[in-house]
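A.B. asks: need coordinates for the following:
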Amino acid sequence: MQYKSTIGNQSFEVTISDDRTSAIVNGENIPFELVKNQNGRILFRTGTKLYRIDNIETDGRKVSFSLNGKFLETDVLDEKDLLLEEMGFSTQAEGSAGTLNAPMPGKILELLVREGDEVEQGDSVIILEAMKMENELKAPTHGVVVKVDVKTNDNVEKNQPLLEIEPRG
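C.D. replies: A predicted model of the protein is given here:
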C-alpha cells in the first residue's frame, strides 16, 4: 500500500509491504513491528528503537496522535488520493485550506500572530496547552491572517476554529 504523509513542512512517501513488517520511507527500507495493546496504545519497534503511539484520532485525511508524549498531526493520502492528485483533482474542499482548527481540546497560551500578519505555511501561529504539554500550531497555508477567533487563556474544543488565513498563490 502506498501513502504520502505530511507533517508540518515535511512529506514522507511510504510504501508498506504486504506482510506489514517493513516499509520504504522516502527510498529507505525500514523493518518494523507493531503491537496493539488493549488500551489503544500502539508500540512501534524499528531496530532497537521503541515508540509509544497514543490518542489516535482521524478526521478525513487528518490523523492526530501522540508519539512518546509529543502531539503530532499529519495529512495522509492513500493510493486513491495520490492518483486523483496526480490527475489534477482535489480530494479535499479548498475552502477550508486557510482555516486552522484546534486539533484537541486545550487552552490558548499564546497568539503568535495578529489579523493582518503575513504567514508562510508551517509558521508557528498559536501555542496550545493540552494534556500539560505546549503544542505549536502551524499555519495551514501561505497568506494573510484575516480573522483570529480566540484570545490568550481561552479554552477551546477539538475542531474549534482558531484563525483564518486568506491563502495567496
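A.B. asks: how about the helices in the chain?
C.D. replies: 79-86 (DSSP state H).
A.B. asks: longest strand anywhere in it?
C.D. replies: strand 49-59 (DSSP state E).
A.B. asks: and residue 53, bridged to which residues?
C.D. replies: On the basis of DSSP bridges, residue 53 is bridged to residue 42, residue 67.
A.B. asks: who are the contact partners of the spatially closest residue to residue 149 that is not a sequence neighbour?
C.D. replies: With Cβ to Cβ, 6 or more residues apart in numbering as the criterion, residue 149 has its nearest non-adjacent residue at 5.0 Å, and that residue is residue 161. C-beta: built from backbone N, CA, C; applies to glycine. Going by Cβ atoms under 8 Å, 6 or more residues apart in numbering, residue 161 touches 99, 100, 101, 149.
A.B. asks: how much space between residue 161 and residue 65?
C.D. replies: 22 Å (Cβ to Cβ, to the nearest Å).
A.B. asks: before we move on, back to that, partners of the residue nearest to residue 149 in the sheet?
C.D. replies: Those that pair with residue 161 in a beta bridge, by DSSP bridges, are residue 101.
A.B. asks: kindly export stretch 150-160 (C-alpha atoms) in CSV.
C.D. replies: Extracted C-alpha coordinates of stretch 150-160, given in CSV (Å, rounded to 0.1, in the frame of the first residue of the first chain):
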residue,chain,number,x,y,z
VAL,A,150,-9.6,33.2,20.0
LYS,A,151,-7.6,35.1,22.6
THR,A,152,-5.0,34.2,25.2
ASN,A,153,-6.3,32.0,28.0
ASP,A,154,-9.4,30.9,26.0
ASN,A,155,-10.4,27.2,26.5
VAL,A,156,-11.1,25.6,23.1
GLU,A,157,-12.7,22.3,22.0
LYS,A,158,-11.4,19.9,19.3
ASN,A,159,-12.1,21.2,15.8
GLN,A,160,-13.0,24.7,17.0
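A.B. asks: count the residues that sit near the residue nearest to residue 109 when sequence neighbours are not counted.
C.D. replies: In space, and not counting its chain neighbours, residue 109 is closest to residue 127: 4.4 Å by Cβ to Cβ, 6+ apart. Other residues within reach of residue 127, judged by other Cβ atoms under 10 Å, total 17.
A.B. asks: in the sheet, who's paired with the residue nearest the centre of the chain?
C.D. replies: The centroid of the chain falls nearest to residue 73 when counting by Cα atoms, centre = their mean (2.2 Å). Judged by DSSP bridges, the bridge partners of residue 73 are residue 64.
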